[in-house]
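Enquirer: coords below, sequence missing:
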């Protein structure tokens with residue numbers, strides 16, 4: 001059993017709860033005896049009532065002892081023939097200890113009250129088996145509750161660790177996507193800046209360098225949060241596409257058709273960049289004529305619908321292999337949301353269309 005669970009079960013609150021529970025049991029037993037005496041119209045035997053209260057009160061001390069001893073036993077549940085005898089032996093040992101303490105109490109206080117030892121001795125043969133049987137049942141319940149409690153804590157810890165691992169995995173994937181951006185995109189952008197400088201087109205070279213600086217700053221400042229507003233995601237995507245507009249010059253036209261209600265929707269961080277990069281690299285970059293990219297977003301009935309269209313050549317077949325950008329996007333949003341849709345394919349009349357649909361303003365999807 002883990003140290004973390006043991007600490008939780010050994011804290012003062014846990015001990016206090018045990019004390020309160022056994023006090024209630026003892027008082028409940030006393031109340032039962034009093035009610036029985038009243039209903040039978042007989043005098044209440046306070047001596048026996050005190051003895052019975054002590055019998056239950058001893059569990060306040062014995063219960064923490066039982067729990068500690070139980071944790072000392074190495075439990076291998078796949079070996080029941082080894083585990084079960086150990087548990088039964090522990091129960092029998094504590095039950096016997098309780099009986100011995102109970103007998104000592106009887107003798108001592110009976111002697112104080114009457115000046116004689118507890119009579120008759122034959123009564124021991126009635127009390128001992130009865131007390132031992134009661135103790136055995138009580139201990140079985142205590143160990144059962146301990147097991148249930150610790151299994152619950154273990155389950156909670158496993159769920160927490162699982163959730164933390166999922167968060168770390170999602171953040172690692174975001175980092176991996178950012179890393180994916182760096183090699184090809186940065187190389188091509190820096191190469192384009194170098195070409196503009198050689199052509200002495202310093203104005204456009206300065207613009208592109210400025211856009212690249214803003215994009216990198218935005219990438220660093222966004223952190224590893226899994227969710228951002230669509231407005232923040234759009235701002236980053238525009239910086240990315242601004243660089244392509246400068247690189248392609250008059251060969252590219254970009255249209256943004258954004259519903260204002262869509263801007264406040266929450267979306268997975270870094271959602272659009274892999275998709276628009278896929279459109280640029282595999283669509284528009286292969287064209288000899290003017291390229292066109294349209295980014296459309298609407299919010300309707302609590303759902304955000306995003307469309308990314310480019311007028312490139314599209315897929316040659318309907319069963320073409322899914323690219324890395326679309327594959328990453330699909331896996332991420334399916335892990336983060338259940339009620340999502342990602343579809344893509346050749347658009348009617350030519351070009352390529354990617355559609356993403358997910359709940360708006362729901363980070364748990």
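Expert: Received the coordinates, thanks. Values in this document were obtained by computation on a predicted structure and should not be read as measured data.

Enquirer: first to last residue in stretch 246-254, what's the distance?
Expert: 12 Å (Cα to Cα, to the nearest Å).

Enquirer: buried ones in it?
Expert: Judged by neighbour count using 16 or more other Cβ atoms under 10 Å, the buried positions of stretch 246-254 are 246, 247, 248, 252, 254. The C-beta positions use only the backbone N, C-alpha and C, and glycine is treated the same way.

Enquirer: for the second one, helix, strand, or coil?
Expert: This points to residue 247. Local secondary structure at residue 247 is given as helix here, using DSSP: H, G, I helix; E, B strand; the rest coil.

Enquirer: I figured it hits residue 192, correct?
Expert: Yes - between residue 247 and residue 192 a contact is recorded at 4.7 Å, counting by Cβ atoms under 8 Å.

Enquirer: quick one: common contacting residues for these two?
Expert: residue 208 (Cβ atoms under 8 Å, 6 or more residues apart in numbering).

Enquirer: re the thing from before, tabulate the buried residues of stretch 246-254 (CSV), appending distance to residue 155 and pLDDT.
Expert: Below are those laid out as CSV (distance: Cβ to Cβ, whole Å; pLDDT from 0 to 100):
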residue, distance to residue 155, pLDDT
246, 55, 86
247, 54, 85
248, 55, 85
252, 54, 91
254, 51, 94
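
Enquirer: Residue 90: which of the residues you listed is nearest?
Expert: Proximity of the buried residues of stretch 246-254 to residue 90 (Cβ to Cβ) peaks at residue 254, which lies at 74.3 Å.

Enquirer: in a helix, that's where the closest one is, yeah?
Expert: No - Residue 254 sits outside any helix when classified using three-state DSSP, being strand.

Enquirer: Tell me which stretches of this structure form helices.
Expert: 3-10, 12-39, 46-72, 80-114, 124-181, 187-198, 202-221, 230-248, 273-282, 324-336 (DSSP state H).

Enquirer: Please report how far the closest residue in space to residue 97 that isn't next to it in sequence lies from residue 22.
Expert: Excluding its sequence neighbours, the residue lying closest to residue 97 (Cβ to Cβ, 6 or more residues apart in numbering) is residue 62, at 7.4 Å. Residue 62 sits 9 Å away from residue 22, going by Cβ to Cβ, to the nearest Å.

Enquirer: And for residue 187?
Expert: Residue 187 is 73 Å from residue 22, by Cβ to Cβ.

Enquirer: do the same with residue 136
Expert: For residue 136, the distance to residue 22 (Cβ to Cβ) stands at 17 Å.

Enquirer: Repeat that for residue 38.
Expert: Relative to residue 22, and taking Cβ to Cβ, residue 38 is found at 25 Å.

Enquirer: for residue 229, same thing?
Expert: Taking Cβ to Cβ, one finds residue 229 at 55 Å from residue 22.

Enquirer: between those two, who's got more neighbours?
Expert: Higher neighbour count among residue 229 and residue 22: residue 22, with 19 against 15, using other Cβ atoms under 10 Å.

Enquirer: pLDDT below threshold where in the stretch 201-350 of the chain?
Expert: 220-225, 318-325 (pLDDT under 70).

Enquirer: give the contact list for residue 132.
Expert: Contacts of residue 132 by Cβ under 8 Å, 6+ apart are 95, 96, 99.

Enquirer: how far away is it from residue 56?
Expert: Relative to residue 56, residue 132 is positioned 15 Å away (Cβ to Cβ).

Enquirer: can you map out the strands along the stretch 251-365 of the chain?
Expert: 252-258, 266-268, 291-300, 303-310, 341-346, 352-359 (DSSP state E, counting those that start in this stretch).

Enquirer: how much space between residue 38 and residue 135?
Expert: Note on residue 38: its distance to residue 135, by Cβ to Cβ, is 29 Å.

Enquirer: Who has more neighbours out of the two?
Expert: With neighbours defined as other Cβ under 10 Å, residue 38 and residue 135 compare such that residue 135 has more, 23 against 10.

Enquirer: check contacts around that one.
Expert: With contact set as Cβ under 8 Å, 6+ apart, residue 135 has these partners: 94, 95, 98, 99.

Enquirer: Who are the contact partners of residue 356?
Expert: By Cβ under 8 Å, 6+ apart, the neighbours of residue 356 are 271, 275, 305, 306, 307, 308, 329, 333, 340, 341, 342.

Enquirer: Looking at those residues, which is nearest residue 354?
Expert: residue 308 (4.5 Å).

Enquirer: looking at the sheet around the closest residue to the closest one other than its chain neighbours, what are its partners?
Expert: Leaving aside its chain neighbours, residue 308 sits nearest to residue 354 (4.5 Å; criterion: Cβ to Cβ, 6+ apart). In this entry, residue 354 is beta-bridged to residue 308, residue 344, by DSSP bridges.
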